[in-house]
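Novice: Using only what follows, build the 3D model:
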Amino acid sequence: MPLSESDLQELARARHLLEHPGIAARIAGIAGKPIERTLAALPDRVSSMIDEIARRSISKALDVAVKTMDPTRPAAAADWWHKLAAGASGAAGGAFGMAGLAVELPISTTIMLRSIADIARSQGEDLKTPESRLECLHVLALGGSSKADDATDAGYFASRAALAQAIASASQYLAQHGTAKGSAPVLVRLISEVASRFSIAVSEKALAQAVPMIGAIGGGAINALFIDHFQDMGRGHFTVRRLERAHGTEAVREAYLALPRR
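Specialist: Next up is the predicted model:
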């Protein structure tokens with residue numbers, strides 16, 4: 001079944017979201033400094049710490065996020081509720097700068113994944129299936145458009161291809177074994193791959209919150225931008241997946257790439 005005009009309009013909106021500027025570009029307006037330039041200057045010790053915090057946050061967050069909602073109840077995604085909650089956690093963590101990241105990030109990640117799952121459900125995903133839950137994790141690996149992480153055009157599909165095997169293996173494992181601890185090798189592999197991309201955005205967020213004079217108010221605003229970014233990535237991603245269920249993966253990919261550029 002070919003894509004209708006309304007389908008193409010939805011696909012165009014999804015691509016616009018997926019091409020949205022990355023989190024560093026959004027944060028720069030608040031932080032008043034080019035975050036991408038200073039990211040490379042982070043000491044290796046700090047980068048390793050952020051990677052580990054991101055990995056632990058992801059491994060604990062998804063089940064908690066999904067268990068707090070009815071996975072089959074159709075409803076519009078409650079973006080603003082999640083944005084307010086993320087802003088509150090960011091305000092609390094921002095008061096302590098980089099030191100508060102270990103406490104604040106697991107909370108923020110859980111809120112974000114709940115929001116992403118909410119968006120997935122609103123786009124027809126069955127959150128009872130392992131694949132749909134793991135696709136929520138995938139959204140954390142979508143960085144948006146920036147010099148360091150280009151998610152435009154084929155880049156979005158390249159990101160999906162890079163994680164496809166890890167998601168398929170983890171989905172199969174969960175389907176066979178039910179809920180599993182994060183120590184299962186296939187889950188460790190997937191979480192590590194997602195965390196390696198997610199930690200870039202986390203590092204940009206942490207750098208912005210560490211700027212003098214940002215404080216708790218800036219931390220809340222940055223967290224609101226942070227979740228807004230991943231809500232956009234989630235809405236774009238799950239819109240594409242909904243259209244793929246109706247029209248097939250290859251047809252949607254070809255239509256996506258054929259859309260005129262803005």
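
Novice: Give me the secondary structure label for the residue nearest to A255 when sequence neighbours are not counted.
Specialist: Spatial nearest neighbour of A255, excluding adjacent residues (C-beta to C-beta, 6 or more residues apart in numbering): L3 at 5.3 Å. Every residue, glycine included, has its C-beta placed from N, CA and C. When classified by DSSP: H, G, I helix; E, B strand; the rest coil, L3 comes out as coil.

Novice: Against which helices or strands is the strand or helix carrying A221 packed?
Specialist: A221 is part of helix 215-247, with elements assigned from DSSP states H and E. If you count contacts as 3 or more C-beta pairs under 8 Å, 6 or more residues apart in numbering; DSSP states H and E, helix 215-247 packs onto helix 5-18, helix 23-31, helix 79-94, helix 101-122, helix 130-139, helix 185-209, helix 249-258.

Novice: One more pass at 6 Å, please.
Specialist: Helices and strands touching helix 215-247, by 3 or more C-beta pairs under 6 Å, 6 or more residues apart in numbering; DSSP states H and E, are helix 5-18, helix 23-31, helix 79-94, helix 101-122, helix 130-139, helix 185-209.

Novice: avg pLDDT for it?
Specialist: In this model, helix 215-247 has an average pLDDT of 84.

Novice: buried set for it?
Specialist: For helix 215-247, the neighbour count (16 or more other C-beta atoms under 10 Å) marks 216, 218-243, 247 as buried.

Novice: With stretch 157-173 instead?
Specialist: Residues of stretch 157-173 classed as buried: 157, 159-160, 163, 166-167, 169-171, 173 (neighbour count, 16+ other C-beta under 10 Å).

Novice: how close does D232 get to I200?
Specialist: D232 sits 17 Å away from I200, taking C-beta to C-beta, to the nearest Å as the criterion.

Novice: What of R13?
Specialist: Using C-beta to C-beta, R13 is found at 25 Å from I200.

Novice: Neighbour count: those two, which is higher?
Specialist: Ranked by neighbour count (other C-beta atoms under 10 Å), R13 and I200 place I200 first, with 23 against 13.
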